[in-house]
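Peer 1: need a structure here:
(2 chains)
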Amino acid sequence: MEYFKEKLVETAASMLGLPAEQISRHLRVPETRRGDLALPCFPFAKTLKKNPNVIARDLALQLDNMKEFSAKPEGPYVNVTINPRLLVINTINEILSKKTKYGHQDIGSGKALVIDFSSPNIAKPIAFHHIRSTVTGMALCRLSRAMGYNPVGINYLGDWGKQFGLLALAFKTFGEEERLEKEGIRYLVQLYARANMAAKGDPKKGILPEQGFDERARNLFSAMENGDKEVIDLWKRFRDISLEEFDKIYSRLGVTFDHVEGESKYVNVLDSTIDKVRETVGVRISQGALVADIEYDDDEPPFMLRKADGSTLYGTRDIAAAMDRFNRFEFAKSLYVVGAQQRLYFTQLFRCLKAMGFEWADRCIHVPFGTVLKKKPDPENPGGYTLERFATRRGEIIYLEEVIDEAVAKAVQIMKKTNPELGENESKTVAEQVGVAAVMFSELSHRRSKDIAIETDENDYILWEKLIDFRGQTGPYLQYAHARSCSIMRKGGGPPGKGVDLSLLTHPAETALVKELAAYPSDLKRAFDEYEPAILADRLIAVGRAVSYYYTLGNQDRDMRILCKDKKMSNARLALVEAVRLVLRGGLELLGIPVPERM
RNA sequence: GCGCCCGUAGCUCAGUUGGAUAGAGCGUCGGCCUUCGAAGCCGCAGGUCGCAGGUUCGAGUCCUGCCGGGCGCGCCA
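Peer 2: Coordinates of the predicted model:
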């Protein structure tokens, strides 16, 4: 496809005497019935001082004479159809030779691209909302590798901060050793909820905060920062318990990191970090706290480095971490896949780094995403609904593990009916893969900026059938399309060797399918450029749809089957299906979604 | 109150950075299993693109003002 676009732009540019860039900016994909590419000529009318209809007519004439295209003017548009024979041959051959690396590029030329993602807080379980940063971050790692970067995935644990003072205090005052031993992280959640209650109370329920609890927690965190052994030992236990729990989920999701490190890594350099800020941008005391003296908008809260009680905040640790990352990796880009709530925070962090004189501050990019909300029926407005947050501080939480389990259970159920002949082992593996795909893909199929609403009934019971679906635009749908392509390849004896006549592929369903494949590379690039894996997900859905339709043609008409009587035709179709298989597989792998060969 | 994000079919979302008659999935209804895998395919119905102005050859897309929702706005991360 890129070849044809370039060819078109090149000829148009030389004919009109305009820079190629100006042409390609306006090149469009029109409605399918009009052709494959379209060039509106309004934009050139002014500079060339010619009637756009005339420009279109002349251009169409020229393009129509080339072997690559047929073209006709329609008013001020040139509609171009790529020679289907060439497009089919060109696209399929390219895929077959590049395999699952089709569409990959080397714009990164091996430079490091740091991705800070997942980054859960210690002592809290991985909740459903963590799916966002985790899956998006993983996909961005793989996408950046496909674009020639060397990704450095960092799981930057929230393993330092006041909440550990709170938690340690809770454990010391009313913790039960046996329960911590047995229940692990789930017990920590309860402790945390109880600690929060003690510290802040619950105005809704009329519960008052416990006298002095919050202050004692704060003191305990200060003690931690000063190296108090008893608290630190406790903290280490909480951390170990958490990491063990996290690993279970990461391995189910197939998520890996190049580095797992947390804020605690920087406790020893906090003073020198603050000194560095002081020397470069300056600091001042504001309401007892130490803040960075950068430029602020009106009413903007200051960027805080040290609280009035002397303990530090995450901002200080993030400055240290950013410096450390640049020193270690000399990154070309450094992405922070973190919720949109922290937008203001990150603009301040980057502004501060920039003011400190680090030119690489411009390479730091916050990749934000929307919030996970609860959507439930509105009792005051029948038929309507309300959106609210999950009250994690009160212990209200959806465990990601639970969601995956639910999806896997559903996959098991379906597979009992549809594919009972799979052995027990494979069946179990595949059900896991399908369930995981359903959960992961539902995240990857929306633009990051959208909030996610989990539907519940009026009693907060999750409507699982709305959350987990295997039909339509889903992960399992793509896995299914892929598994069928594998099945056909198995029955057809694998991809054909040399001497395949791809020019036999002239059926509209075949050329339509090839066009979906041909659009893959540019969408891959765009998915990376916009840090938006959903663009790739959409592309794969389009391929899946086109190939599913194509398969179905063989139901009515045996001559339309891939494995038809005509050997030459069959070989050509096998080549096409192999190309589809490679694209689906390559694309799903980039999204981090498992790709079973049967299901 | 101020700032940022979102608002497109009953629901969940696309819409290639300003181009032609706004597209998918789910759901509803109706079809296709003597299947190269029905987790599939086809069809019908469903839209004042939140509202009102503006910019121009052209606006779902840009600007302004409203409306609705989300998020943020100092010692949490």
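Peer 1: okay, helices next: where are they in the stretch 1-150 of chain A?
Peer 2: Secondary structure of the stretch 1-150 of chain A (DSSP state H, counting those that start in this stretch): helices at A:2-16, A:20-26, A:42-48, A:52-64, A:84-98, A:130-146.
Peer 1: now these in JSON lines, with mean neighbour count and distance to A:Met415?
Peer 2: Quick note: C-beta positions are derived from backbone N, CA and C, even for glycine. Shown next, in JSON lines, are the helices of the stretch 1-150 of chain A (neighbours: other CB atoms under 10 Å; distance: least, CB to CB, whole Å):
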{"stretch": "helix A:2-16", "mean neighbour count": "17", "distance to A:Met415": "40"}
{"stretch": "helix A:20-26", "mean neighbour count": "14", "distance to A:Met415": "47"}
{"stretch": "helix A:42-48", "mean neighbour count": "15", "distance to A:Met415": "54"}
{"stretch": "helix A:52-64", "mean neighbour count": "19", "distance to A:Met415": "51"}
{"stretch": "helix A:84-98", "mean neighbour count": "19", "distance to A:Met415": "30"}
{"stretch": "helix A:130-146", "mean neighbour count": "25", "distance to A:Met415": "23"}
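Peer 1: contact residues of the stretch 1-150 of chain A facing RNA strand B?
Peer 2: Within the stretch 1-150 of chain A, the residues that sit near RNA strand B (CB under 7 Å from any atom of the strand) are A:25-26, A:28-31, A:34, A:38, A:40, A:42-43, A:74-75, A:77, A:79, A:121.
Peer 1: report the two of those residues separated the most.
Peer 2: Farthest-apart pair in these is A:Gly75 and A:Asn121; separation 59.1 Å (CB to CB).
Peer 1: more neighbours: which of those two?
Peer 2: More neighbours surround A:Asn121 than the other of A:Gly75 and A:Asn121, with 19 against 11 (other CB atoms under 10 Å).
Peer 1: quick one: residues contacting the more buried one.
Peer 2: By CB atoms under 8 Å, 6 or more residues apart in numbering, the residues touching A:Asn121 are A:157-159, A:163.
Peer 1: of the helices of the stretch 1-150 of chain A, which is nearest A:Ala411?
Peer 2: Ranking these by proximity to A:Ala411 (CB to CB) places helix A:130-146 first, at 17.3 Å.
Peer 1: give me the distance from that closest one to the chain's centre.
Peer 2: Remark: helix A:130-146 is offset 5 Å from the chain centroid, using CA atoms, centre = their mean, to the nearest Å.
Peer 1: ditto for stretch A:11-25
Peer 2: With CA atoms, centre = their mean, you get 35 Å for stretch A:11-25.
Peer 1: residues in contact with it?
Peer 2: Residues outside stretch A:11-25 that contact it (CB under 8 Å, 6+ apart): A:5, A:9-10, A:39, A:43-44, A:47-48, A:55, A:58-59, A:62-63, A:66.
Peer 1: domain parsing of chain A, as residue ranges.
Peer 2: A:2-82, A:87-109+A:472-591, A:119-257, A:263-369, A:373-467 (automatic domain parsing).
Peer 1: how long is the first one end to end?
Peer 2: This means domain A:2-82. Separation of the first and last residues of domain A:2-82 by CA to CA, to the nearest Å is 12 Å.
Peer 1: just the mean pLDDT for that domain, thanks.
Peer 2: Confidence over domain A:2-82 (mean pLDDT, whole number) is 91.
Peer 1: who's in contact with A:Arg145?
Peer 2: By CB under 8 Å, 6+ apart, the contact list for A:Arg145 reads A:Pro151.
Peer 1: how about the one residue sitting closest to the centre of chain A, nearest residue that isn't a chain neighbour?
Peer 2: Centroid check for chain A by CA atoms, centre = their mean gives A:Thr136 as the closest residue, at 2.2 Å. Spatial nearest neighbour of A:Thr136, excluding adjacent residues (CB to CB, 6 or more residues apart in numbering): A:Val337 at 5.5 Å.
Peer 1: A:Ile319 and A:Val337, how far apart?
Peer 2: Distance of A:Ile319 to A:Val337, computed by CB to CB, to the nearest Å: 19 Å.
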